[in-house]
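**Q** What follows is a predicted protein model with its sequence.
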Amino acid sequence: MAPRTSIDEFKELVNSSNRVLALCGAGLSAASGLPTFRGAGGLWRNHEPTALATPDAFEEDPSLVWLFYAWRRHMALKAKPNRGHYALAELAKKKDNFMCLTQNVDGLSPRAGHPDTKLRLLHGSLLDNKCFDECGFIDRNNLSDPVCPALAPAAEDYPPDKTLPLLDPNVPVPPVKVEDLPHCPNCKTGLLRPGVVWFGEPLDEAMLEEVDQWIQEGHIDIMLVIGTAAAVYPAAGYTLKARKKGAVVAVVNPDPNSAAGLLKKDFFFQGDASEILPQLFEGVIGKMDDQGKIQ
Ligand code: BJW
Ligand code: ZN
């Protein structure tokens, strides 16, 4: 049975809701110019982005993986939060019982002013660097760009009509010596690596427990699923957990396939999160202008 699509009906539900959970993915940042992982987001050089997001890939070629992440950091630092990030941040300020779980590592939700008590970075942050040898060292919110001089080819600004040489698979990968990559200042032996969660690595256990506790605390009115293919676990499992607490599920995504599994009582809003979210929350946050400011 097809889900509901009426913005007005959903606005009423948001107005009257108490506990709201959101799960966000790369599509939330698409309007800020950041590529997604799967589908249209495409390859990085000739690599699947997810194939570079593993400890094995880093072990095998730390210079290549660092170039990929140094480029992602550069893009994220240059990007601006969009109206979708601002709408969620405003909703978080207005609703006491709102929790936003983001899989995004780009720092755009924090930069939109999303209160950190109502935001959990499930997959870490591109701006944190930690020791690959797991001595416990972590350097949080490091804004250096490039992250070190050897990674400068990944942080070049290039005219929009030209391809950055690093992104052209026909141009050889710039030579970056492992000894020139950032090293751990604590143990002195380990390489630093991006503070993100790669495949096969556990998410922060305390954070997961806290999220589960929040979910168990009571009935959930709405589960928002925004800009995610919901293909990666444990993140994708939160929709079912919220359903078990009574939630109506609302998916915001341009891909019609992302509505699979929705029920008649649920909602599907097909399109760009940066356009749709300000409309959905308008009754609570007010009207938002093109820059993401509430009028
Ligand atoms: C728009 C839009 C617009 C476009 N507006 N929308 C259960 C079953 C099966 C497997 C597993 C399982 N549990 C665990 C696993 C294994 C694995 C896993 O899930 N594998 C799957 C592939 C099946 N999970 C793990 O390994 C996790 N770890 C773990 O479980 O540890 C257990 C453990 C315990 C104890 C010891 C050891 C281990 C870790 C997962 C980490 C994922 N990491 C990445 C990389 C992060 C770093 C980086 O950024 O590089 O996270 S992978 C990548 O996928 C990234 C993303 O956060 C994540 C999700 O992607 P997302 O956000 O959904 O993006 P896309 O591109 O897939 O989708 C974008 C969507 O946006 C699309 O739908 C578009 O249509 C839409 N869109 N424009 C709105 N304008
Ligand atoms: Zn170390």
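**A** Received it, and whenever you're ready, just let me know what you need. Ligands and ions are numbered 1, 2, ... in the order given.

**Q** Only C-alpha atoms from now on, for both contacts and neighbour counts.
**A** Fine.

**Q** Would you mind measuring from residue 166 to residue 72?
**A** To residue 72, residue 166 is 12 Å away according to CA to CA, to the nearest Å.

**Q** Skipping its backbone neighbours, what lies nearest residue 97 in space?
**A** Distances taken as CA to CA, 6 or more residues apart in numbering place residue 19 nearest to residue 97, at 4.8 Å, with adjacent residues excluded.

**Q** need the contact list for the one you found.
**A** Neighbouring residues of residue 19 by CA atoms under 8 Å, 6 or more residues apart in numbering: 97, 98, 219, 220, 221, 222.

**Q** do the same with residue 112
**A** 81, 85, 86, 89.

**Q** Do a quick rundown of the strands in the stretch 151-295 of the chain.
**A** Assigned by DSSP state E, counting those that start in this stretch, the strands in the stretch 151-295 of the chain fall at 192-196, 222-226, 248-252, 267-269.

**Q** Please produce CSV containing the ones you listed, extended by distance to residue 55.
**A** Shown next, in CSV, are the strands of the stretch 151-295 of the chain (distance: least, CA to CA, whole Å):
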stretch, distance to residue 55
strand 192-196, 10
strand 222-226, 27
strand 248-252, 31
strand 267-269, 36
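
**Q** closest to residue 23 out of the ones you listed?
**A** strand 222-226 (5.0 Å; CA to CA).

**Q** Could you list every helix and strand that that closest one packs against?
**A** strand 20-24, helix 238-244, strand 248-252 (3 or more CA pairs under 8 Å, 6 or more residues apart in numbering; DSSP states H and E).

**Q** let's see it at 7 Å
**A** Contacts defined by 3 or more CA pairs under 7 Å, 6 or more residues apart in numbering; DSSP states H and E place strand 222-226 against strand 20-24, strand 248-252.

**Q** out of everything not next to it in sequence, what's closest to residue 177?
**A** Nearest residue to residue 177 in three dimensions, chain neighbours excluded: residue 63, at 7.0 Å (CA to CA, 6+ apart).

**Q** now residue 130
**A** Using CA to CA, 6+ apart, the closest residue to residue 130 is residue 138 (4.2 Å).

**Q** contacting residues for the one you found?
**A** 128, 129, 130, 131 (CA atoms under 7 Å, 6 or more residues apart in numbering).

**Q** Present the residues you listed as CSV; the columns should include pLDDT and secondary structure.
**A** Listed next are those as CSV, based on pLDDT from 0 to 100; DSSP: H, G, I helix; E, B strand; the rest coil:
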residue, pLDDT, secondary structure
128, 98, strand
129, 98, strand
130, 98, strand
131, 98, strand
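
**Q** Nearest to residue 268, out of the residues you listed: which one, please.
**A** Using CA to CA, these come closest to residue 268 at residue 128, 34.5 Å.

**Q** Give me the distance between the closest one and ligand 2.
**A** For residue 128, the distance to ligand 2 equals 14 Å [CA to the ion, to the nearest Å].
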